[in-house]
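Chemist: Next comes the sequence, and after it the predicted model I'd like to discuss.
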Amino acid sequence: MKYFSLIVLLIILNYTWSLTQSSDDIPEETHLSLQQDLRTIISDYIQKNLPNSKNLKFERLWTERAHANQVKATFTYSFDDPGEDIGPARVMIDGYAILNRTLDQNEEYEMWNFDELYILNNHIQFEEGEAITIGNESK
């Protein structure tokens, strides 16, 4: 019985090792290209919709394989918004996007669809705080 338990343990260890060492069907170059394209899409969107914004900075941006032909891109970026109404502020946005590989591929290009975008957090840090006064109101 000791030998049987040892054999089962070795089989399980071998199986879990093979799972962690299995080759990813999405090459590293594809991940890097998707990250760069996502940076460009976000930068262009901010520049188009907030033309006065500046100092765009990607705090974090990484991609990971979600499924066989799917990548999850997680990001955190920030930028300075001059804000006409409330004054200048630093805006930070956290979220992720789901990208799916299209079935119609050719030999030159690999096509990915930017299918879903989720904004998880939106943080605003004002350069000059807004004063709030609390007074004694008598009825």
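Modeler: Alright, I've got the coordinates.
Chemist: So for the longest helix along the chain, what gets flagged as buried?
Modeler: Ranked by number of residues, the top helix in the chain under DSSP state H is helix 28-49. Buried positions in helix 28-49, judged by neighbour count with 16 or more other Cβ atoms under 10 Å: 30-31, 34-35, 38-39, 42, 46. In short, each C-beta sits where N, CA and C put it, glycine included.
Chemist: Going by distance to residue 14, which of those residues wins?
Modeler: residue 31 (28.0 Å; Cβ to Cβ).
Chemist: Quick check: bridge partners of the residue nearest to the closest one when sequence neighbours are not counted?
Modeler: With sequence-adjacent residues excluded and distances taken as Cβ to Cβ, 6 or more residues apart in numbering, residue 31 is closest to residue 63, at 4.6 Å. Per DSSP bridges, the residues bridged to residue 63 are residue 73.
Chemist: For residue 63, grab the count of nearby residues.
Modeler: Neighbour count for residue 63, taken as other Cβ atoms under 10 Å: 22.
Chemist: what pLDDT does it get?
Modeler: In this model, residue 63 is scored at 94, pLDDT.
Chemist: same check, this time on residue 88
Modeler: 86.
Chemist: need the contact list for it.
Modeler: Counting by Cβ atoms under 8 Å, 6 or more residues apart in numbering, residue 88 touches 80-82, 126-128.
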